[in-house]
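Colleague: A predicted structure for the sequence below; I have some questions about it.
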Amino acid sequence: MSKHHELINVLKTLQIYAECDITQSFSKNDSDVLLVYYCKETESFIIIQNEKIEAYDDINSALSILENLLQTN
């Protein structure tokens, strides 16, 4: 499975299980570089990087940002 499809599956899983408190972390050298979770109240994906918090309303925009951020880290 490609990295693109794996990220889509991660985001869909976060959205499906919005009732649960699930955060996906992406790490490098045992240090978290990105955190992603789905916020049910705002119906958005929250991406945290270096204390910067951003919200994305749909899977495609969250996916695009994640792919860009993961390429640079």
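Modeller: All right, it came through fine.
Colleague: use CA for all of it now, contacts and neighbours both
Modeller: Will do.
Colleague: which parts of the chain are strands?
Modeller: Assigned by DSSP state E, the strands in the chain fall at 23-28, 31-39, 44-49, 52-56.
Colleague: what would those strands look like in CSV with mean neighbour count, mean pLDDT and distance to residue 9?
Modeller: Formatted as CSV, the strands of the chain follow (neighbours: other Cα atoms under 10 Å; pLDDT from 0 to 100; distance: least, Cα to Cα, whole Å):
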stretch, mean neighbour count, mean pLDDT, distance to residue 9
strand 23-28, 13, 93, 12
strand 31-39, 19, 94, 13
strand 44-49, 18, 97, 13
strand 52-56, 13, 97, 16
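Colleague: give the residue farthest from the middle of this protein.
Modeller: residue 29 (18.9 Å; Cα atoms, centre = their mean).
Colleague: quick check: closest non-adjacent residue to the residue nearest the centre of the chain.
Modeller: Closest residue to the average C-alpha location of the chain: residue 36 at 3.4 Å, with Cα atoms, centre = their mean. Once flanking residues are discounted, residue 36 sits nearest to residue 47: 4.6 Å by Cα to Cα, 6 or more residues apart in numbering.
Colleague: make a markdown table out of the strands of the chain and add distance to residue 68.
Modeller: Below are the strands of the chain laid out as a markdown table (distance: least, Cα to Cα, whole Å):
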| stretch | distance to residue 68 |
| --- | --- |
| strand 23-28 | 13 |
| strand 31-39 | 12 |
| strand 44-49 | 12 |
| strand 52-56 | 14 |
